[in-house]
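In: pasting the sequence and the predicted model now:
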Amino acid sequence: MSMKWIQTDDWKNEKHVPVIEVKGPVKKGELVKVKVSVGKEIPHPNTTAHHIKWLDLFFWPDGEKFPVEIGYMSFDSHGESAKGADTSTIYTEPRTKFVFKTEKSGTLMATAYCNIHGLWKSEEQLKIE
């Protein structure tokens, strides 16, 4: 039985899909600045019971066999405290920025993990001049 274990969808219609924002094209040798977030258009819940646990970003340079992990960010505060669920005022938002250099164009791939609805993925092309 084939199962779709990484979910994808248009991020404007689905609150779980990581949104990749990168300005390009980027010149060789310049820093590539990539913002990744969940809930850009439709906010995702951020409670002890339902939240985005982490985001990561991979880059797959054109012509290479494998992608490279650029970074990983975990979001660890969702209103929980020693007093119980949703008793704190601290809520980490699932937004981060990754900065790296590359000499090749390729594909940016972000994944996000929702503790209730699993793994979600999106892709965006990166053009290097």
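Out: Arrived safely, thanks for sending. Treat the numbers as computed from the prediction; the structure is a model and nothing was measured.

In: which residues touch stretch 35-42?
Out: Residues outside stretch 35-42 that contact it (C-beta atoms under 8 Å, 6 or more residues apart in numbering): 11-22, 44, 52, 55, 57, 93-98, 110, 112, 114, 120. For glycine as for every other residue, the C-beta is placed from the backbone atoms N, C-alpha and C.

In: does Glu80 touch Thr48 like I think?
Out: Yes. Taking C-beta atoms under 8 Å as the definition, Glu80 is a contact partner of Thr48 at 4.4 Å.

In: mind listing the shared neighbours of the two?
Out: What both Glu80 and Thr48 touch, as defined by C-beta under 8 Å, 6+ apart, is the set Asp86.

In: any chance you could map the strands in the protein?
Out: With DSSP state E as the criterion, the chain has strands at 6-7, 19-22, 32-37, 52-61, 68-74, 95-100, 106-114, 118-126.

In: for Thr48, see how far away the residue in the chain sticking out farthest from the centre is.
Out: The outermost residue of the chain relative to its centre, with distances by C-alpha atoms, centre = their mean, is Lys83 at 30.3 Å. As judged by C-beta to C-beta, to the nearest Å, Lys83 and Thr48 stand 11 Å apart.

In: so what sits against both of these two?
Out: The contact sets of Lys83 and Thr48 do not overlap (C-beta under 8 Å, 6+ apart).

In: so where's the chain uncertain?
Out: Residues of the chain meeting the criterion pLDDT under 70: 1-5, 10-14.

In: hmm, 80 instead?
Out: Within the chain, the segments meeting pLDDT under 80 span 1-14.

In: okay, now Ile20: neighbour count?
Out: For Ile20, the count of nearby residues is 20 (other C-beta atoms under 10 Å).

In: ugh, wrong one, Thr87
Out: The local packing of Thr87 (other C-beta under 10 Å) involves 11 other residues.
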